[in-house]
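A.B. asks: predicted structure and sequence below. I'll ask about it afterward.
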Amino acid sequence: MLERNVTRAAVTLGMSQPAVSNALLRARRMTKDDLFIKVADGVRPTARMLAMWPELHRSLSALRAVVAPQEFDARSSSAIFRVAITDSIAAEAVTQIALRVRKLAPQARVTFSVHTNASSTEGVERGTLDCAVGMFPALPHSLHVQGLLTDRYVCVMRKRHPLARRMTLDEFVNAAHLLVTPSGQELGVVDGWLSLQQRSRNVVMVVNHFVDALRIVEHSDLLTCVPSQFLRSTQAAKALSICELPFETEKILYKLVWHERVHGHPAHLWFRSIVASVCDAAEVGKPAVRKQLQ
């Protein structure tokens, strides 16, 4: 149900594919339902499976919590951790998390995923992700959340751009903009702030990654807005002009989110502490709150 693929499920379970197929066959006989139907890239759950899953998931999580070891030995653990990290801090964070886990828990496995607010929220809720780092403007109350570092958006353009020295709000909104959004949507955080002033900017191009945006603006007259944290982690910023936005904005807050099913698990507590410290958490060591941060 989580992997949507029999082969991947077998790997996660530490079983052979035939063993998983046989278990699925027994489950089909017991429920008198196909449960999963073959599709091009794996399997798709039936309506009966979707109806059963919430209660099954809660029951499995409760059983897992009961039998889980109360202590975690990183050196001998073969745990699997799955995390998504927002693109603006992934360049530094992914490398540091990978190296630290490799050093402290050499037999563990970490899978990094592409982050969008929607896909990461769904992944954490479904169990295909153990935790995620992003801005998350809205979160279900069922998820745990810990505030990490704060940041601000800045405007970036090529050196010697006509607007590099001084830029008014009118010049900003009338310029041609490149928007960075992993989801591909044509509105971002900056557009939300502008809408509060009944203004909108001229977005002519959308890309999914900040590094692509910097390469494009370096060789064009386009402007792009990026979190300043990202600029500190890339050498490409040296070839660009960086300006404050010509209107009032809010700070952005990166958040670490996870589900109740892994909340008290020693291995996941350990892994989340690494993620938080690598992301320069402002609240490391403080109790996480189980509510949406405003």
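C.D. replies: Received it, and whenever you're ready, just let me know what you need. Numbers count the residues shown, from 1 in each chain.

A.B. asks: alpha carbons only for contacts and neighbour counts from here, please
C.D. replies: Noted.

A.B. asks: just the terminal-to-terminal distance for stretch 25-42.
C.D. replies: 16 Å (CA to CA, to the nearest Å).

A.B. asks: ok now it, how far from the chain's centre?
C.D. replies: In terms of CA atoms, centre = their mean, to the nearest Å, the centre of stretch 25-42 is set 30 Å apart from its chain centre.

A.B. asks: going forward can the numbers begin at 755, since that is how I track them
C.D. replies: Got it, first residue is 755 now, which makes that one stretch 779-796.

A.B. asks: quick one: contacts of it?
C.D. replies: Identification of contacts with stretch 779-796 by CA atoms under 8 Å, 6 or more residues apart in numbering yields 758-760, 797-803.

A.B. asks: adding secondary structure and neighbour count, write those residues out as JSON lines.
C.D. replies: Below are these laid out as JSON lines (DSSP: H, G, I helix; E, B strand; the rest coil; neighbours: other CA atoms under 10 Å):
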{"residue": "Arg758", "secondary structure": "coil", "neighbour count": "18"}
{"residue": "Asn759", "secondary structure": "coil", "neighbour count": "16"}
{"residue": "Val760", "secondary structure": "helix", "neighbour count": "20"}
{"residue": "Val797", "secondary structure": "strand", "neighbour count": "16"}
{"residue": "Arg798", "secondary structure": "strand", "neighbour count": "17"}
{"residue": "Pro799", "secondary structure": "strand", "neighbour count": "16"}
{"residue": "Thr800", "secondary structure": "coil", "neighbour count": "14"}
{"residue": "Ala801", "secondary structure": "helix", "neighbour count": "13"}
{"residue": "Arg802", "secondary structure": "helix", "neighbour count": "14"}
{"residue": "Met803", "secondary structure": "helix", "neighbour count": "17"}
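
A.B. asks: could you export the residues you listed as CSV, including pLDDT?
C.D. replies: Formatted as CSV, those follow (pLDDT from 0 to 100):
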residue, pLDDT
Arg758, 87
Asn759, 88
Val760, 90
Val797, 92
Arg798, 92
Pro799, 93
Thr800, 94
Ala801, 93
Arg802, 92
Met803, 93
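
A.B. asks: which of those lies closest to Asp884?
C.D. replies: Closest approach to Asp884 among these (CA to CA): Arg758, at 16.6 Å.

A.B. asks: for the spatially closest residue to the closest one that is not a sequence neighbour, what are its contacts?
C.D. replies: Counting by CA to CA, 6 or more residues apart in numbering, Val797 is the residue found nearest to Arg758 once chain neighbours are left out, at 5.2 Å. Val797 makes contact with 758-760, 790-791 under the criterion CA under 8 Å, 6+ apart.

A.B. asks: can you redo the residues you listed as TSV with distance to Ala872?
C.D. replies: Formatted as TSV, the contacts of Val797 follow (distance: CA to CA, whole Å):
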residue	distance to Ala872
Arg758	18
Asn759	21
Val760	25
Phe790	24
Ile791	25
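
A.B. asks: then Ala886 would be within a strand, right?
C.D. replies: Yes - Ala886 forms part of a strand when assessed by DSSP: H, G, I helix; E, B strand; the rest coil.

A.B. asks: just give me the neighbour total for the spatially closest residue to it that is not a sequence neighbour.
C.D. replies: Nearest residue to Ala886, sequence neighbours excluded (CA to CA, 6+ apart): Ala838, at 4.6 Å. Neighbours of Ala838 under the rule other CA atoms under 10 Å: 26.
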